[in-house]
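A.B. asks: structure of the sequence below:
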Amino acid sequence: MSAVTDAVPVADESIAEAKAHLRIEGDDEDGLIGRLIGAATALCESFTGTQLLARPVRETIPVGAEWRRLSVTPVRAIVSMVGLGADGVSFTLPAEAYGVDIDANGDGWVRVTQPGTARRVTIQYEAGQAEGWADLPETLRQGITRLAAHFYSHRDAADDAGPPAAVAALWRPWRRMRLR
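C.D. replies: Residues are numbered from 1 along each chain as shown. Below you'll find the model as predicted:
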């Protein structure tokens, strides 16, 4: 399975929060702070096992009649399924050829019951916990801001002891563990 998602979007509000936390005025460092927010958000997504901000995902899986869980959560909508033949030619699967479901946990599930010539399918869906930065739970935002501030303050510092423990503590309640 392979899932491809757009880069983490960085909102102006997140840069403003980080600058307030760091007590920075002016916009000279906005580009750097934005990249640090993006890196901290990506680390938060990896730690929690969820995609934080809503954005498109494209995932390709082998055809199978059994239900398969999509790899990125929480799923907001399953948009389309496209069959891929052995020759690499893609075609839209008719709605009666597959099943989709989004469960109460936000996990997306798909199966292909009538694949035709498809050997793999590409599923396009939208996943994300929140529509935008301001919609994220405060503890997630605070952890991202603290981690980005740590990255900013400890650039290339020989005495850097690693990220603050408070970051993991803020994120831990949101962590989703999966058995594979």
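A.B. asks: how about the secondary structure of the residue nearest the centre of the chain?
C.D. replies: In the chain, the centroid-proximal residue (Cα atoms, centre = their mean) is Q51; its distance is 2.6 Å. Classification of Q51 by DSSP: H, G, I helix; E, B strand; the rest coil places it in coil.
A.B. asks: OK, contacts around it?
C.D. replies: Each residue near Q51 by Cβ atoms under 8 Å, 6 or more residues apart in numbering is listed here: T5, E45, V57, V72, T73, P74, A127, G128, Q129. From N, CA and C alone the C-beta is placed, and that goes for glycine too.
A.B. asks: what about 6 Å?
C.D. replies: E45, V72, A127, G128 (Cβ atoms under 6 Å, 6 or more residues apart in numbering).
A.B. asks: same thing with P9?
C.D. replies: L53.
A.B. asks: check which helix or strand it maps to.
C.D. replies: Under DSSP states H and E, no helix or strand contains P9.
A.B. asks: gap between the residue nearest to the centre of the chain and R76?
C.D. replies: 10 Å (Cβ to Cβ, to the nearest Å).
A.B. asks: check which helix or strand the nearest residue to T113 once chain neighbours are set aside maps to.
C.D. replies: The spatially closest residue to T113, leaving aside those adjacent along the chain, is A65, at 5.5 Å (Cβ to Cβ, 6 or more residues apart in numbering). Assigned by DSSP H and E, A65 belongs to no helix or strand.
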